[in-house]
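1. The following block contains a protein sequence and its predicted model.
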Amino acid sequence: MRPYTILSCAMSIDGYIDDATGQRLILSGDRDWDHVDELRATSDAILVGANTIRADNPRLRVRSGQRRADRVAKGRPENPLRVTMTTRGLDPEAAFFADDNHVVYTDAPLSKVVEDLYGRGVRRLMVEGGSSVHTEFLAQGLADEIRLAVAPILVGDHRAPRFLNDADFGKDRMVLRGVEQVGDVAVLHLFPDPDRFWLRECIEESRKCPPSDTAFPVGAVIVDAEGQEIARGHSREFDMIGHAEENALSKVDLSDPRLRTATIYSSLEPCSTRKSRPRSCSQWIIEAAIPRMVFALREPSRFVVGEGAELLAGAGIAVVERPDLADEARAVSPLYS
Ligand SMILES: NC(=O)c1ccc[n+]([C@@H]2O[C@H](COP(=O)([O-])OP(=O)(O)OC[C@H]3O[C@@H](n4cnc5c(N)ncnc54)[C@H](OP(=O)(O)O)[C@@H]3O)[C@@H](O)[C@H]2O)c1
Ligand SMILES: [Zn+2]
């Protein structure tokens, strides 16, 4: 297990996070800083690379007294845990070491670092750079979200550091969810792993299900080839026997051409047989000719034996199971345990 991880970066229009002089280039304005402070205040830990400490000597504290007081009122430490990684060591006078609320990793792969942070109770991790650290998180698939602030500045010097270094990131499109103007800065909220993002939306949708002792809470979302949502639904949305995939599909005209290249996501493997209705969700998906299905949790054999994944695959649908989201899907209801 690892924390939910947000990479935060401010860059110029031409993709630089600093200039090539020894002076620190100011990219954000006060309003943007305030948003970043809010993000810090909602995080359990903030991680930066050793070079960022060497170059900028950041304090990595929550600036707002009110936000620190709110954290304390909720029984949390005043500031998030400060985290860094180094092989060459750091100046002990750096602001990073000002109190004991910090941890330094000297010889651990990033996957072990995030696992260890989870073990220390870190559920939400904010990563504030620099380029090497951001690159490692993205290239290793360890980032859930990117908050990218684009400042209206041109640096125009290729010797300056960029948001990311060269790496094999895959070339998949990310999900863009939200573009805000904050002062004169454009803030983009990006989600690097679309399947993960949409399954989380399904899990949120499943929380809306009316309670039942005999049926699981499930959420489903149908997404088109450009990453735009077509419809969503949850179990028991319209009556006490309706299933999530069926309810999402009931909101779409089955002749809609977008379905032919869409993906249907569900927090639970679609059902293959049903006592209450003539058609199972797997049959609905086959009928809608949706070519791809992604789910988080295999159907536990509590109520019926699930064979939805096999049925869909047999019909030529690309079926993807994401067991890395299974615990989150399961946590919605005690029926799953
Ligand atoms: N605009 C922004 O939002 C923003 C934010 C942060 C930083 N910055 C800028 O980014 C620049 C620094 O970026 P950078 O890429 O040079 O450095 P960085 O990512 O801050 O730090 C890289 C260093 O971290 C250590 N490290 C990384 N992964 C490690 C691992 N798995 N195990 C052990 N140590 C590990 C290594 O330290 P050792 O050298 O000790 O081996 C490595 O040299 C600065 O110019 C800073 O101003 C900009
Ligand atoms: Zn069903």
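-> All right, it came through fine. Just so we're clear, the structure is a prediction, and the values are computed from it rather than from any experiment. Ligands and ions are numbered 1, 2, ... in the order given.
2. for ligand 1, what are the nearby residues on the chain?
-> 9-10, 17-18, 27, 48-52, 55-56, 85-88, 110, 128-133, 136, 161 (C-beta under 6 Å from any ligand atom). Quick note: C-beta positions are derived from backbone N, CA and C, even for glycine.
3. can you tell me which of those residues are in strands?
-> Using DSSP state E, 9-10, 48-49, 85 are the members of these that sit in strands.
4. Asp70 should be in a strand, yeah?
-> No. Applying DSSP: H, G, I helix; E, B strand; the rest coil, one finds Asp70 to be helix, outside a strand.
5. any idea how far the residue lying closest to it once chain neighbours are set aside lies from ligand 1?
-> Spatial nearest neighbour of Asp70, chain neighbours left out: Ala41 (7.2 Å); criterion: C-beta to C-beta, 6 or more residues apart in numbering. Distance, Ala41 to ligand 1, by C-beta to the nearest ligand atom, to the nearest Å: 18 Å.
6. Asp166 too?
-> In terms of C-beta to the nearest ligand atom, Asp166 sits 12 Å off from ligand 1.
7. May I have the secondary structure class of that residue?
-> Classification of Asp166 by three-state DSSP places it in coil.
8. now swap in the one 5 residues further on and tell me
-> Classification of Lys171 using three-state DSSP returns coil.
9. so who does it touch?
-> Counting by C-beta atoms under 8 Å, 6 or more residues apart in numbering, Lys171 touches no other residue.
10. got it, and Asp32?
-> Counted by C-beta under 8 Å, 6+ apart, Asp32 has contacts 10, 149, 182-183, 185, 187.
11. how about the strands of the protein, start to end?
-> Under DSSP E, the chain gives strands at 4-12, 45-49, 81-85, 102-105, 124-127, 145-151, 175-182, 185-191, 219-223, 229-234, 263-268, 292-297, 318-321.
12. right, and the pair among the ones in strands among the residues of the chain next to ligand 1 with maximum separation?
-> Ala10 and Met85 (21.2 Å; C-beta to C-beta).
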